[in-house]
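Peer 1: Sequence and predicted structure below; questions after.
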Amino acid sequence: MVRFLRPLLRGTTYTRLLHLWLPMLSVAFWMFIDPRTPWAPALFLVPLALIPAVRRGEGVQARLLLTPGETDSGISEEPAVSWRDRGRTLLWLELRMLLGAVAMFATVRLPILAFELAMCAWGPPPSSLDGLAPHRAYALLTPLPLLALYGVVLGLGALITRCARWLLGPSAAERLAALEERTEQLLERTRIARELHDSIGHALTVAVVQAGAARAAGDPEFTGRALAAIEETGRAALEDLERVLGVLREAERPVSARPTLADAGRLLESARASGAKVDFEVTGAVESLPGPVSREGYRILQEALTNVLRHAGAVPVRVRVTVGGRELALEIGNPLPAGLPGSSGGSGLRGIRERAALLGGSAHTGPEAGDWLVRAELPLG
């Protein structure tokens, strides 16, 4: 019994009933104008459904009254953008008015019928039930209209909610836009993870290598240079970290502040300060590169140098940057230490390949003729 009466304690039952009643306000108003044509308000719904904002208003109202508290109601709050959306809106408005008329009739007529049956049981029947003889047995029929009202209210509420999800649900274009937005969010999270990995990982690698070299050397002058390099690398890492955190704090913050290949000098100086002998050669104007290509090229170079310092130590490094007419080519090579197996795994190398793929390019990493090579081709178009 408690389970049977539980829907009567839910606020959603009454908000859905209110949603069904609302269209009847226009019908009630029209009855004062011309009671002979109660169907006329349904005709006015045709031009109303052609207004794009009407669909948005119906979606907002349906979410508030039919699915209150649901985060994913399946009901769109976007305006109509196509004739198909307008057609669905028209069908929704007409169906809502029809179900509203049924709900209004049931909620008014069924309680009155229960009262009239009670009158037949305890006294003379009302005029609407004229012809029925008074009898106590009618008292047993009194709950039936109330049970019917219970079923009508719950049934129509569930039906109008299902119709709302069907007719006011996201269109194919809206679902595609939502999917693209979700994809962009995931890509942005992946990009931020790569930014943190590349910048902080590079700084920590340089600091560890410098500190180890300074301790092994035992030379105060070398130790001073190592500490200065650690300080400079740490300061650059803090700047990178602040830029990444700025992206998290401000979604609309421009990405133009991120380092580009024109700032590659600080990477090279950091690697040289760690003991690596860097042979750097540039062909073409890196200043003319598109922003996304130059920024991703910088991060690829940074990760490649970080891997050299982390796995090979102070070894000669060959860096070639070539700006062609259609693509940017990066090549970073270093001698492969003996006994160190080649590997194409690791999040850093995977990040290099992902960065290249996002721009429509490609990247290859692995041993070749005794060297470890990182090659990346990024299209400029």
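Peer 2: Done, it's in.
Peer 1: Quick check: pLDDT value at residue 140.
Peer 2: The confidence metric pLDDT takes the value 86 at residue 140.
Peer 1: Which other helices and strands does the helix or strand containing it contact?
Peer 2: Residue 140 is part of helix 138-141, with elements assigned from DSSP states H and E. Judged by 3 or more CB pairs under 8 Å, 6 or more residues apart in numbering; DSSP states H and E, helix 138-141 is in contact with helix 83-122. For every residue, glycine as well, the C-beta is placed using N, CA and C.
Peer 1: that older thread, right, and the helix or strand after the helix holding residue 140?
Peer 2: helix 143-167.
Peer 1: related to what we said a few turns ago, let's see the helix holding residue 140 as CSV, backbone CA atoms only.
Peer 2: The C-alpha trace of helix 138-141 is given here as CSV (Å, rounded to 0.1, in the frame of the first residue of the first chain):
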residue,chain,number,x,y,z
TYR,A,138,-22.9,3.2,-4.7
ALA,A,139,-20.6,3.9,-1.8
LEU,A,140,-18.5,1.0,-3.0
LEU,A,141,-18.1,2.6,-6.4
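Peer 1: which parts of it are buried?
Peer 2: Judged by neighbour count using 16 or more other CB atoms under 10 Å, the buried positions of helix 138-141 are residue 138.
Peer 1: what's the offset of that helix from the middle of its chain?
Peer 2: Here helix 138-141 is found 57 Å from its chain centre; the criterion is CA atoms, centre = their mean, to the nearest Å.
Peer 1: residues in contact with that helix?
Peer 2: Under the criterion CB atoms under 8 Å, 6 or more residues apart in numbering, residues 117-118, 120-122, 132 lie in contact with helix 138-141.
Peer 1: Reformat those residues as CSV; add neighbour count.
Peer 2: Listed next are these as CSV, based on neighbours: other CB atoms under 10 Å:
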residue, neighbour count
117, 22
118, 14
120, 21
121, 17
122, 10
132, 15
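Peer 1: Let me have those residues in JSON lines, adding distance to residue 79 and pLDDT as columns.
Peer 2: Shown next, in JSON lines, are those (distance: CB to CB, whole Å; pLDDT from 0 to 100):
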{"residue": "117", "distance to residue 79": "49", "pLDDT": "84"}
{"residue": "118", "distance to residue 79": "50", "pLDDT": "85"}
{"residue": "120", "distance to residue 79": "53", "pLDDT": "83"}
{"residue": "121", "distance to residue 79": "55", "pLDDT": "79"}
{"residue": "122", "distance to residue 79": "56", "pLDDT": "78"}
{"residue": "132", "distance to residue 79": "54", "pLDDT": "72"}
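Peer 1: and which of the residues you listed is nearest to residue 49?
Peer 2: Nearest to residue 49 among these, counting by CB to CB, is residue 117 at 41.6 Å.
Peer 1: Save the contacts of helix 138-141 as TSV, and put in distance to residue 3 too.
Peer 2: Below are those laid out as TSV (distance: CB to CB, whole Å):
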residue	distance to residue 3
117	27
118	27
120	32
121	30
122	32
132	35
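Peer 1: what's the burial count for residue 293?
Peer 2: Neighbouring residues of residue 293 were enumerated by other CB atoms under 10 Å; the total is 21.
Peer 1: doesn't residue 329 make contact with it?
Peer 2: No: in this structure, residue 293 is not within contact of residue 329 by CB atoms under 8 Å, at 11.3 Å.
Peer 1: what sits in contact with each of those two?
Peer 2: Here residue 293 and residue 329 have residue 378 as joint contacts, going by CB under 8 Å, 6+ apart.
Peer 1: Checking my notes, residue 81 in a strand, right?
Peer 2: No: counting by DSSP: H, G, I helix; E, B strand; the rest coil, residue 81 is located in no strand; its state is coil.
Peer 1: That one: how many residues sit nearby?
Peer 2: Residues near residue 81, counting by other CB under 10 Å: 13.
Peer 1: Could you do the one 10 residues further on as well?
Peer 2: Per other CB under 10 Å, the neighbour tally for residue 91 reads 15.
Peer 1: In contact with it, which residues?
Peer 2: residue 167.
Peer 1: got the phi/psi numbers for the residue of the chain positioned farthest from its centre?
Peer 2: Residue distances from the centre of the chain (CA atoms, centre = their mean) peak at residue 133, which lies 67.1 Å from the mean C-alpha position. The phi/psi pair for residue 133 (degrees, to the nearest 10) reads phi -80, psi 140.
Peer 1: With adjacent residues omitted, what lies nearest to it?
Peer 2: In space, and not counting its chain neighbours, residue 133 is closest to residue 125: 7.7 Å by CB to CB, 6 or more residues apart in numbering.
Peer 1: ok, now how distant is that neighbour from residue 147?
Peer 2: 21 Å (CB to CB, to the nearest Å).
Peer 1: can you check residue 221 too?
Peer 2: In this view, residue 221 and residue 147 are 96 Å apart by CB to CB.
Peer 1: Just give me the neighbour total for residue 356.
Peer 2: Residue 356 has 22 neighbours, counted by other CB under 10 Å.
Peer 1: now do the one 5 residues further on
Peer 2: A total of 22 residues lie near residue 361 under the criterion other CB under 10 Å.
Peer 1: Touching, it and residue 377? I think so.
Peer 2: Yes: Residue 361 lies in contact with residue 377 (CB under 8 Å); the separation is 5.0 Å.
Peer 1: Now the common contact residues for these two.
Peer 2: Common contact partners of residue 361 and residue 377 (CB under 8 Å, 6+ apart): residue 327.
Peer 1: Would you map out the domains in this structure?
Peer 2: Per automatic domain parsing, the structural domains of the chain span 2-170, 179-379.
Peer 1: now the helices for the chain?
Peer 2: Counting by DSSP state H, the chain has helices at residues 2-5, 11-21, 24-33, 40-49, 52-65, 83-122, 138-141, 143-167, 172-217, 220-249, 264-273, 291-307, 347-358.
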